[in-house]
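[1] I'll drop the sequence and a predicted model, then ask my questions.
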Number of protein chains: 2
Amino acid sequence: MDRDIKVVKIGGNIVDNPDALARFLRDFTALEGRKILVHGGGKEATRLGARLEIPSVMIDGRRVTSRDTLDVVTMVYAGLVNKRIVSQLQAIGCNAVGLSGADGDSIRSTRRSPQPVDYGYVGDINTDGVNVSLIGSLLDAGLTPVFCAITHDGNGSLLNCNADSVASAVAIGMSAVAPVDLIYCFEQPGVMRDICCPESLIAHITAESYSALRSNGTVGQGMIPKLDNSFRAIDAGVRSVIIKHASNLNNDTGTVLSK
Amino acid sequence: MDRDIKVVKIGGNIVDNPDALARFLRDFTALEGRKILVHGGGKEATRLGARLEIPSVMIDGRRVTSRDTLDVVTMVYAGLVNKRIVSQLQAIGCNAVGLSGADGDSIRSTRRSPQPVDYGYVGDINTDGVNVSLIGSLLDAGLTPVFCAITHDGNGSLLNCNADSVASAVAIGMSAVAPVDLIYCFEQPGVMRDICCPESLIAHITAESYSALRSNGTVGQGMIPKLDNSFRAIDAGVRSVIIKHASNLNNDTGTVLSK
């Protein structure tokens, strides 16, 4: 039996597009072996917050999570989006089980310090916060865990996390027991020298070449958190990180990151 | 090891009251042995629907579930309420895992026929719809499943169910592999001859005495679906059904139903 584990993260832009999501879920189901899906939330939480007249405040691209906003993201990410994805996967033969980090104590985080910026109910995943044993036994039972980015602190509070960070933490955690490949799917073919030119796709980035690409501005601001997360994952034992367009999940097009 | 399973259903009135819910969850955590929680939704879905200006239509006490209402109940029941309960249980030492019926294909239902009344996205649980093997392996792993009343049809649609029916179906399903006690917790001490008089609590009802109580009007309309469900569960192999106040979970006060 193939013990490898693929951790696939799907971004909000795909989650927001029913046709793209359906196609992606078919491709995900076709992936062989043990696998885990982590999904972003898309714009639905922002839309719901607006309809409920809850102000949506962002600082440096991160949502400030008030008590009301925590309720909104819990409803949308852990409820609507997670269960839609799970029911669609079930319909096409993938035995998915949707989880927040609270479920089975699967991912534990700590509320971020209010200094220097108070992001509210936002968590950073604990170093030993991924419940490797639980996730391993779900995989052994033939289940495919589907995580949203809502976690908990173990003291009764849910906390909002970044879905890229959840994917990275899960990949790092599981790499203690199996070879893990982490695949970030989004709306671009990978990391490109020129965002307007698919031919400028960079097929391979090492830790060393990343440093140069970052300092000379080739890598755009929006990509830096994703790449930082990726190299941290590789340093922590993840076998490979691949960044690719969601429609390329089952082919080799994308950017491979390695040491 | 005690192989018995307790299936506990907690109603919406308790879910809506943070103090009562916290007390109930402590009592639930103190219950020994293998256990499963099924929770109702409370009024939060109705409130959210109203804030979103989605009409809330009820026929014979059942919510008509339009596409928009299905989204609302999925958000509130499977998201907000389920994850709040799970995170609170985790904080007090109960290793809870929150599930909709789609998760792990745990509960499968069929959309109710639109004739004679079209209830929309409402499901009736299939006779073989409870995934006994999955739930058994979660219990064996030391987990406590926490079900909301959202299920799925296996074809990609989520369906809204009645939480009493979910509890009953889970109890019947699990009774194939273990002795099961089904406990309905609500805001009354049990079944009473006079709703205003706790001393009129009926300690024991058999199938035969129920028939008489029902026909002479001693049992109020609101209790009939609960009692019908209960006797169906007993006929189908559940060892006992107990109806009691949520604050009496850990004592003997309540109404015991048996053959």
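    Noted; the coordinates are in hand. Numbers count the residues shown, from 1 in each chain, chains lettered A, B, ... in the order given.

[2] Just confirm residue A:20 is within a helix.
    Yes - Residue A:20: assigned to a helix according to DSSP: H, G, I helix; E, B strand; the rest coil.

[3] Can you tell me how far it is from chain B?
    As judged by Cβ to the nearest Cβ, to the nearest Å, residue A:20 and chain B stand 16 Å apart. Where C-beta positions appear, they are placed from N, C-alpha and C, glycine not excepted.

[4] tell me the contacts of that residue?
    For residue A:20, the contacting residues are A:13, A:14, A:246, A:247, by Cβ atoms under 8 Å, 6 or more residues apart in numbering or on different chains.

[5] quick one: the helix or strand containing residue A:45 to chain centroid distance?
    For residue A:45, the host element (DSSP states H and E) is helix A:44-51. Mean C-alpha position of helix A:44-51 versus that of the full chain (Cα atoms, centre = their mean, to the nearest Å) differs by 21 Å.

[6] By mean pLDDT, which helix or strand of chain A comes out lowest?
    strand A:62-63 (a mean of 70; mean pLDDT, DSSP states H and E).

[7] Could you pick out the residues of the stretch 101-250 of chain A near chain B for me?
    A:102-105, A:134, A:137, A:141, A:143, A:150, A:152, A:154-158 (Cβ under 8 Å from any Cβ of the partner chain).

[8] wait, which of these is closest to residue A:113?
    Minimum distance to residue A:113 across those is 14.7 Å, recorded for residue A:157 (Cβ to Cβ).

[9] so where do the strands sit in the stretch 101-250 of chain A?
    Remark: strands assigned in the stretch 101-250 of chain A by DSSP state E, counting those that start in this stretch are A:107-111, A:123-130, A:144-147, A:150-152, A:158-160, A:180-186, A:204-206, A:240-245.

[10] burial of whichever residue of the stretch 1-150 of chain A sits closest to chain B, as a residue count?
    Closest to chain B within the stretch 1-150 of chain A is residue A:79: 2.2 Å, counting by Cβ to the nearest Cβ. Look at residue A:79: counted by other Cβ atoms under 10 Å in any protein chain shown, it has 31 neighbours.

[11] Could you grab the helix/strand/coil label for the closest residue to residue A:75 other than its chain neighbours?
    Of all residues not flanking residue A:75 in the chain, residue B:75 sits nearest, at 3.6 Å (Cβ to Cβ, 6 or more residues apart in numbering or on different chains). Of the three states, residue B:75 takes helix under three-state DSSP.

[12] thought residue B:75 was touching residue A:82?
    No - using Cβ atoms under 8 Å, residue B:75 makes no contact with residue A:82, being 10.4 Å away.

[13] what do these two both touch?
    Counting by Cβ under 8 Å, 6+ apart, residue B:75 and residue A:82 have no common neighbour.

[14] which among the contacts of residue A:20 gets closest to residue A:117?
    For the contacts of residue A:20, the closest approach to residue A:117 (Cβ to Cβ) belongs to residue A:13, at 25.9 Å.

[15] pLDDT at the closest one, what is it?
    We note a pLDDT of 88 for residue A:13 in this prediction.

[16] residue ranges for the helices of the stretch 1-150 of chain A, please.
    Assigned by DSSP state H, counting those that start in this stretch, the stretch 1-150 of chain A shows helices spanning A:12-15, A:18-30, A:44-51, A:67-73, A:82-91, A:132-140.

[17] that older thread, could you identify which of the strands of the stretch 101-250 of chain A is most buried?
    Highest mean neighbour count among the strands of the stretch 101-250 of chain A (mean count of other Cβ atoms under 10 Å in any protein chain shown): strand A:150-152, with a mean of 30.

[18] what packs against that one?
    Here strand A:150-152 touches strand A:107-111, strand A:123-130, strand A:158-160, helix B:82-91, going by 3 or more Cβ pairs under 8 Å, 6 or more residues apart in numbering or on different chains; DSSP states H and E.

[19] what's the second one packed up against?
    Based on contacts counted as 3+ Cβ pairs under 8 Å, 6+ apart, the elements that strand A:123-130 packs against are strand A:107-111, strand A:150-152, helix A:163-174.

[20] Strand partners (parallel or antiparallel) of it?
    If you go by DSSP bridges, strand A:123-130 pairs up with strand A:107-111 (antiparallel).

[21] confidence score at whatever residue of the stretch 151-259 of chain A ends up closest to chain B?
    Nearest residue of the stretch 151-259 of chain A to chain B: residue A:156, at 3.7 Å (Cβ to the nearest Cβ). On pLDDT, residue A:156 comes in at 98.

[22] How about residue A:132?
    Taking residue A:132 on its own, its pLDDT is 98.

[23] Share the number of residues neighbouring it, please.
    There are 17 residues near residue A:132, going by other Cβ under 10 Å.

[24] Now it: closest residue in space that isn't a chain neighbour?
    residue A:173 (5.0 Å).

[25] before we move on, the earlier item: I'd say the residue of the stretch 151-259 of chain A closest to chain B and residue B:86 touch.
    No - if you go by Cβ under 8 Å, residue A:156 and residue B:86 don't touch, sitting 10.0 Å apart.

[26] Neighbour count for those two, which is higher?
    residue B:86 (29 against 16).

[27] From what I see, the more buried one and residue B:96 are in contact.
    Yes - proximity of residue B:86 to residue B:96 meets the contact threshold set by Cβ under 8 Å, at 4.6 Å.

[28] Now for those two: what residues contact both?
    Taking Cβ under 8 Å, 6+ apart as the contact rule, the neighbours common to residue B:86 and residue B:96 are A:102, A:103, B:146.

[29] How much space separates the first one from residue A:5?
    Look at residue A:102 and residue A:5: by Cβ to Cβ, to the nearest Å, they are 22 Å apart.

[30] Between these two, tell me which one has more neighbours.
    Remark: of residue A:102 and residue A:5, residue A:102 carries more neighbours, 34 against 24, as counted by other Cβ under 10 Å.

[31] Torsion angles phi and psi at that one?
    Phi and psi for residue A:102, reported as degrees, to the nearest 10, are phi -70, psi -30.

[32] Hmm, it is touching residue B:94, no?
    No - with contact defined as Cβ under 8 Å, residue A:102 does not reach residue B:94; the gap is 11.5 Å.

[33] before we move on, back to that, what does the residue of the stretch 151-259 of chain A closest to chain B show for phi and psi?
    Backbone geometry at residue A:156, expressed as degrees, to the nearest 10, gives phi 100, psi 0.

[34] Now it: closest residue in space that isn't a chain neighbour?
    Once flanking residues are discounted, residue A:156 sits nearest to residue B:91: 3.7 Å by Cβ to Cβ, 6+ apart.

[35] So residue A:105 sits against residue B:90, correct?
    Yes - between residue A:105 and residue B:90 there is a contact under Cβ under 8 Å: 5.5 Å.

[36] that older thread, who does the least confident helix or strand of chain A pair up with?
    According to DSSP bridges, strand A:62-63 has the following sheet partners: strand A:58-59 (antiparallel).

[37] Could you list the residues in contact with the partner strand?
    So strand A:58-59 is contacted by A:64, A:117, A:119 (Cβ under 8 Å, 6+ apart).

[38] Let me know how buried the second one is, in neighbour terms.
    The one in question is residue A:117. For residue A:117, the neighbour count with other Cβ under 10 Å is 13.
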